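In: what's the 3D shape of this:
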Amino acid sequence: MNRMPTQSARRSTKKKTAKKKVAKKTTARKAPARKKSVAKKIPAKTAKKTAKRKAPRKKLRGKKISIASIASTTTGFEEKFPLRTCIDKSGRAKNAPKLSDEMLRKIMHYMVLNRELDERLTKLQRQGRIGFHIGSVGEEALMIGTAAALKPTDWVVPCYREMGVALYRGMNLDQVVANMFGTADDPVQGRQMPCHYVDKEHNFLSISSPVGTQIAQAAGLGWAMRLRNSNDASIVYFGDGATSEGDFHVGMNFAGVYDAATVFICRNNQWAISTPLSGQTASETIAQKAIAYGMNGERVDGNDPLAVYAATTEALERARTGGGPTLLEMCTYRVGAHSTSDDPRSYREQDEVDPWIAKDPIERFGQYLKRKKLWNDEEAVRIGEQIEAELQAAIKKAEATPKPPISSLFTDVFAQQTQMLTEQQAELEATLAAGYIPKAH
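Out: Residues are numbered from 1 along each chain as shown. Below you'll find the model as predicted:
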């Protein structure tokens, strides 16, 4: 049964309704005041900062920023990083380092060896006798000039064109050729592709295919030398294409922060396979990148072995004495293909190549040596015949040497072979002994 509300109950309900109405009116009146109070609470400094942050966006939308004005602040680095040269076109030298006649002859010998070996290996690949080759024709001055500046106890972290560096430091020619054929005499036992060798005896690290990974490794070596108070240094080689890799930034930045005893050799041969330098970086030079990492940077004529030697020697001395790392941009040109798998005619004109062929570093250094009575046509023929005989003997030996044994699949994985690997090796050898021949895929 529903009861009618009492008078007291009705009064109570009216009071509650009246309070709600008053509350709503008060809220409506105070709302504008609350908005004003929020606006007043913003500090003047914050408002200014906010305005500053928004200003650039307005300029960009209105296209008020001049690209030309930005470019003017990033140009002129070719003047700040002049090209270091010693030998001119006629063979005359200026500010050349003082080297003995014996050392000058040695540099020339290994430049010629580097060239002859490159050309012979390319022919072997075309004949189907080896699978691959990546050479450095036209870049011999860069290779041998830097190698000559190193001490035997320094560490070399190569890219994959530094065959001449390995040979100059003492790696046996038979071992280099064995790597190309993948024989049992190959230092890496055929586990890597051709041109991926290693020479532990002469502190020449293993070559790896990934672009730029060796840069950070070299920085770590340089830092270790500083921690040990060593008088040695590390040197690392890489192409202009590697400067686009994150490893370049990581290695350079680390070396700059920790003053690593490392010299960075950028082989700027103008092409990273089919990508020209202009498609690699917007910087005028690669040497200027050293500024961002707080280290020394220099551009060097990579076709001048004396300029290369002088710049590398100074950089190594700086690294050894706590002066920090250095980036050396070796300016040269890749006159041949990137590798035997490449055909540069598909992406560049011969007119671009011809001027660099005329700048042949062997011819140029030969002119210098002739002026010093250390080189002539008869000497060139004699050295050529000597190198040819050495190459023929190394190739003959490699082709007569068997491939690495099956056991090489399991050795060198651990310092001491594990039981599991030993069992796997025994199983494979038993399977092959039973006459099983795996199908080619």
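
In: okay, now the unreliable bits of the stretch 1-150 of the chain?
Out: Applying pLDDT under 70 to the stretch 1-150 of the chain flags residues 1-75.

In: which residues in it form strands?
Out: 83-84 (DSSP state E, counting those that start in this stretch).

In: repeat for the stretch 151-300 of the chain
Out: 155-157, 234-239, 262-268, 271-272, 275-276, 296-301.

In: show me what the fifth one pairs with in its sheet, parallel or antiparallel.
Out: The reference is to strand 275-276. Taking DSSP bridges as the criterion, strand 275-276 pairs within the sheet with strand 271-272 (antiparallel).

In: what does the partner strand rub up against?
Out: For strand 271-272, the surrounding residues in contact (Cβ atoms under 8 Å, 6 or more residues apart in numbering) are 239-242, 244, 277, 280, 334, 338, 344, 348. (Each C-beta comes from the backbone N, C-alpha and C, glycine too.)

In: mind redoing it with 7 Å?
Out: 239-241, 280, 334 (Cβ atoms under 7 Å, 6 or more residues apart in numbering).

In: want to try CSV for these, with distance to I130 and neighbour count as columns?
Out: Output for those, formatted as CSV (distance: Cβ to Cβ, whole Å; neighbours: other Cβ atoms under 10 Å):
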residue, distance to I130, neighbour count
G239, 22, 22
D240, 27, 23
G241, 24, 23
Q280, 30, 19
R334, 21, 26
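
In: list just the nearest of those residues to Q214.
Out: Nearest to Q214 among the contacts of strand 271-272, counting by Cβ to Cβ, is G239 at 11.3 Å.

In: which one of the contacts of strand 271-272 is nearest to G256?
Out: D240 (19.7 Å).

In: next up, the contacts around the closest one.
Out: With Cβ under 7 Å, 6+ apart, D240 has these contacts: 266, 268-269, 272, 277, 280, 286.

In: rerun that using 6 Å as the cut-off
Out: 268, 272, 277, 280 (Cβ atoms under 6 Å, 6 or more residues apart in numbering).

In: roughly how far does the second one sit from E349?
Out: Distance from A272 to E349, counting by Cβ to Cβ, to the nearest Å: 18 Å.

In: likewise R371?
Out: 35 Å.

In: from R226, how far off is P405?
Out: 42 Å.

In: more crowded one of these two?
Out: R226 (18 against 11; other Cβ atoms under 10 Å).

In: and for the more buried one, nearest residue in space, chain neighbours not counted?
Out: Closest residue to R226 in three dimensions, ignoring its sequence neighbours and counting by Cβ to Cβ, 6 or more residues apart in numbering: A261, at 5.5 Å.

In: for that neighbour, give me the pLDDT.
Out: On the pLDDT scale, A261 is placed at 98.

In: re earlier: comparing R371 and E349, which residue is more hemmed in?
Out: R371 (14 against 9).

In: what's near enough to touch that one?
Out: Applying Cβ under 6 Å, 6+ apart, the residues near R371 are G91.

In: if you skip the residues just before and after it, what's nearest to E139?
Out: T332 (5.1 Å).

In: just give the number of residues close to the one you found.
Out: Neighbour number of T332 under other Cβ under 10 Å is 26.

In: check F81 too.
Out: F81 has 20 nearby residues by other Cβ under 10 Å.

In: which phi and psi does it have?
Out: According to degrees, to the nearest 10, the main-chain angles of F81 amount to phi -120, psi 70.

In: my read: it touches S283, true?
Out: No - F81 lies out of contact with S283 (Cβ atoms under 6 Å); the separation is 10.3 Å.

In: ok, now which ones touch the residue nearest to R226?
Out: 222, 225-226, 233, 319.

In: hmm, back to that, the residue nearest to E139 contacts N269, doesn't it?
Out: Yes - with contact defined as Cβ under 6 Å, T332 counts as touching N269 (5.1 Å).

In: state the helix or strand in which T422 lies.
Out: In the assignment (DSSP states H and E), T422 maps to helix 419-433.

In: which other helices and strands does that helix contact?
Out: Packing contacts for helix 419-433, counted by 3 or more Cβ pairs under 6 Å, 6 or more residues apart in numbering; DSSP states H and E, involve no helix or strand.

In: just the buried positions in it, please.
Out: Neighbour counts using 16 or more other Cβ atoms under 10 Å place Q425 of helix 419-433 among the buried residues.

In: same check on stretch 251-259?
Out: 251-256, 258-259.

In: now stretch 160-172
Out: 160-169, 171-172.

In: could you single out the most deeply buried of the strands of the stretch 151-300 of the chain?
Out: strand 262-268 (a mean of 30; mean count of other Cβ atoms under 10 Å).

In: which strands and helices sit next to that one?
Out: So strand 262-268, by 3+ Cβ pairs under 6 Å, 6+ apart, packs with helix 213-227, strand 234-239, helix 305-320, strand 326-331.
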